[in-house]
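Student: Predicted model, plus sequence, below.
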Amino acid sequence: MAVRLLTWTFVAYLAAVGVVTLWPSPQSTAAPGWATATLDALHGLGVPMTLPVLEASANVVMFLPFGVLGLPLLRAAVARRGRREPGVGRAVAVVTLGAAALSTAIELTQNLLPGRVPTVQDVVLNTAGALLGALTVAVVLALLGRRGPVRSTA
């Protein structure tokens, strides 16, 4: 049941990434509305932030779920096939390469869309986000493994 929920969450996440990254946008050099609203809110809180830093951060954050969801899904898929689970490092690498491939495909597709500007920086930042997400899950799993199985008190 947990794997099914993770799978559907991952599918919904990928659909959202597709909409956000592949929806044609109007030809404009102005910052998107979400970015200016976020900058205004951050500045109101006294947090110094620039548009380039915000956009770079958004690219990292957008792909964090790829790593967070992708690592346990990969491990479950391998276990379901009856194969030996890959080492954590290898699983993190596979998930990170998958994110890099998806990000590259998105950027190449953006070449064909009006108002979209593909960049190598986006691929690097998206990939870094997925790597960070996968590493976070790997650390949590390692910490849980050291504690032993979780027992119910009921």
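Tutor: It's in. Numbers count the residues shown, from 1 in each chain.

Student: Spit out the contact partners of the residue nearest to the spatial centre of the chain.
Tutor: Closest to where the C-alpha atoms of the chain average out (Cα atoms, centre = their mean) is F63, at 1.7 Å. The contact partners of F63, taken as Cβ atoms under 8 Å, 6 or more residues apart in numbering, are 17, 99, 103, 125-130, 133. The way it works is simple: take the backbone N, C-alpha and C, and place the C-beta from them, glycine included.

Student: Excluding sequence neighbours, find me the nearest residue to it.
Tutor: G129 (3.4 Å; Cβ to Cβ, 6 or more residues apart in numbering).

Student: What residues of the helix or strand containing that neighbour count as buried?
Tutor: Following DSSP states H and E, the helix or strand that holds G129 is helix 120-147. Residues 122-123, 125-135, 137-138 are the ones in helix 120-147 that count as buried (16 or more other Cβ atoms under 10 Å).

Student: How far off centre is the lowest-mean-pLDDT helix or strand in the chain?
Tutor: Sorting the helices and strands of the chain by mean pLDDT, DSSP states H and E puts helix 33-44 at the bottom, at a mean of 85. Taking the mean of its C-alpha atoms, helix 33-44 sits 22 Å from the chain's own mean (Cα atoms, centre = their mean, to the nearest Å).

Student: what element comes up after it heading to the C-terminus?
Tutor: Following helix 33-44 toward the C-terminus (DSSP H and E): helix 51-80.

Student: How far off centre is that next one?
Tutor: Chain-centre distance of helix 51-80: 2 Å, with Cα atoms, centre = their mean.

Student: In this protein, where is pLDDT below threshold?
Tutor: Applying pLDDT under 70 to the chain flags the ranges 1, 26-31, 85-86, 146-154.

Student: ok, 80 please
Tutor: Along the chain, segments meeting pLDDT under 80 span 1, 24-34, 82-86, 146-154.

Student: any idea how far L22 is from G87?
Tutor: To G87, L22 is 34 Å away according to Cβ to Cβ, to the nearest Å.
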